[in-house]
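In: coordinates for the following, if possible.
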Amino acid sequence: MISPIEKIIEEHTASVRACMNAPAERCCPRCSEEVVTFNRHDSRTRSFRFIVEYDVHIIKSLLVRWKCPLCGKTFTDYPFFAVPHKRYVLMDIERFSGDYLEDEQQTYRKAVCPQGIPIGYQEPDGRPVERFLAHSTSWRWIRALGSMKGTLSEALHLIRQKDSTSTIFREVFPVAPRKYQSSQRKLILENARRLLRAGLEFHRLFGHKIFPHLGTVCSWK
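Out: Okay, here's the model as predicted:
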């Protein structure tokens, strides 16, 4: 049975091949000018990984690059399930990162072994591979989220403009001391947790998520 995320990716791929997709935002992420129509520049194949229960599945899709008719620069339009430089879909990155950051007892190794069962890879034909999701992958996901200080700052700015009474500004986002040994690691974990929480508030107020469009505008930084 096909999983929901696999169906979403397949539908995205079909829309790209049929030239039916277009950037959701009307502003160019390079020059910030409002554009009526972007010019399709090219497309490239990208393999995505997603987790279903205890298995990692791999599926190929397409990413489109668009060219701004005003500034002449190109940019990649990421579908809502994709993140630059990450092979796993955004939903899995958010889910596993959130589980680790919100649970004081959670560890990186436990995160990739839900209920003590390691998450393994599968071949495209369904055969299992003797390879499992590394615990360091969870840290790389969290590090990427925690490094997006510009995106977090812009998201909070937009939230304040929309609702200055939002509780997001009164909340604190501490991380269990056992999860870090340096101030730098602590800051990354706190920023990642704050970004995920801000994402929920952003969705409540604006009806859509921070990623991928605000992330693209902020150059995923």
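
In: what's around Thr76, how many residues?
Out: The burial metric for Thr76, expressed as a neighbour count using other CB atoms under 10 Å, is 19. (C-beta placed from N, C-alpha, C; glycine too.)

In: does it belong to a helix, a strand or coil?
Out: The three-state label given to Thr76 by DSSP: H, G, I helix; E, B strand; the rest coil is strand.

In: hang on, it packs against Lys67?
Out: No. Taking CB atoms under 8 Å as the contact criterion, Thr76 and Lys67 are not neighbours in contact, 11.2 Å apart.

In: tell me the mean pLDDT over stretch 75-93?
Out: In this model, stretch 75-93 has an average pLDDT of 93.

In: how about that stretch: buried residues?
Out: In terms of neighbour count (16 or more other CB atoms under 10 Å), stretch 75-93 has its buried residues at 75-79, 81-83, 86, 88-90, 92-93.

In: select the longest helix from this structure.
Out: Across the chain, the helix with the greatest residue count (assigned by DSSP state H) is helix 183-206.

In: after it, next one along is what?
Out: helix 213-217 (DSSP states H and E).

In: need the helix or strand of the chain with the lowest average pLDDT.
Out: The helix or strand of the chain with the poorest confidence is strand 128-132; it has a mean of 75 (mean pLDDT, DSSP states H and E).

In: need the contact list for the nearest residue to Val217 once chain neighbours are set aside.
Out: Using CB to CB, 6 or more residues apart in numbering and skipping residues adjacent in sequence, the residue nearest Val217 is Pro29, 5.0 Å away. Each residue near Pro29 by CB atoms under 8 Å, 6 or more residues apart in numbering is listed here: 75, 216-217, 219.

In: per-residue confidence for Pro29?
Out: According to the model's per-residue confidence, Pro29 sits at a pLDDT of 86.

In: same check, this time on the one 4 residues further on
Out: Reported pLDDT at Glu33 in the predicted model: 91.
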